[in-house]
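Asker: Pasting a predicted model and its sequence here:
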Amino acid sequence: MNVLVIDDKKSVRDAISKFLVALGYSVDTAVNGLDGFEKAQQTPYHLYIIDHLMPLMNGVVLSKNLKRTPFCAKTPILFMTTQEIDSVKRLAEFTLFSSIISKPLNGTTFISVVESLMNTFNDENLLRIAL
């Protein structure tokens, strides 16, 4: 299962990658939204983990672009933010996110959310195949 982690802070990308690799996931990283969008168009992913505030293309714009791209549109988005969750919920784009998590990340919560999103993605794909 492939995951793309998009965050402008190397320490965050490295920490998330370490968690995910320990869980058995294959992880690619991107340094900003533009880099992430380019990678997402080249490789199929099972999950995007996207930081909110980044240079060149922030997480909201990246999420919009991914959902407009047929190849990427069905892939779940875990949106990470340092902002108040309630302020993110008021964004018009809120519905683009499969889940939102606060930074700094709590490892246990992070792993639980990732595994839930991956299970949901797998269940939806199996249902599509069965139909």
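Answerer: Perfect, I can see it now. Numbers count the residues shown, from 1 in each chain.

Asker: Residue 108 belongs to a helix?
Answerer: Yes: assignment of residue 108 by DSSP: H, G, I helix; E, B strand; the rest coil places it within a helix.

Asker: From residue 78, how far out is it?
Answerer: Distance of residue 108 to residue 78, given as CB to CB, to the nearest Å: 15 Å. From N, CA and C alone the C-beta is placed, and that goes for glycine too.

Asker: So residue 30 sits against residue 4, correct?
Answerer: Yes: the pair residue 30 / residue 4 is scored as a contact, 6.4 Å apart, by CB atoms under 8 Å.

Asker: between these two, what contacts are shared?
Answerer: Common contact partners of residue 30 and residue 4 (CB atoms under 8 Å, 6 or more residues apart in numbering): 36, 39.

Asker: Give me the more crowded residue out of residue 108 and residue 78.
Answerer: Taking other CB atoms under 10 Å, residue 108 and residue 78 do not tie; residue 78 has more neighbours (21 against 8).

Asker: Figure out the helix or strand that the more buried one lives in.
Answerer: strand 77-81 (DSSP states H and E).

Asker: Need the contact partners of that strand.
Answerer: Under the contact criterion CB under 8 Å, 6+ apart, strand 77-81 has outside partners 7, 47-53, 59, 63, 66, 88, 96-103, 105, 113-114, 117.

Asker: Check which helices and strands the helix or strand following that strand sits against.
Answerer: Downstream of strand 77-81, the first helix or strand assigned by DSSP H and E is helix 85-89. Using 3 or more CB pairs under 8 Å, 6 or more residues apart in numbering; DSSP states H and E, the elements in contact with helix 85-89 are strand 99-102.

Asker: what residues does the strand it packs on touch?
Answerer: Here strand 99-102 has contacts from 76-82, 85, 88-89, 109-110, 113, 116-117, using CB under 8 Å, 6+ apart.

Asker: How far does that strand sit from its chain's centre?
Answerer: 10 Å (CA atoms, centre = their mean, to the nearest Å).

Asker: What of stretch 15-31?
Answerer: 12 Å.

Asker: Check the model's average confidence along it for me.
Answerer: Mean pLDDT, computed over stretch 15-31, is 96.
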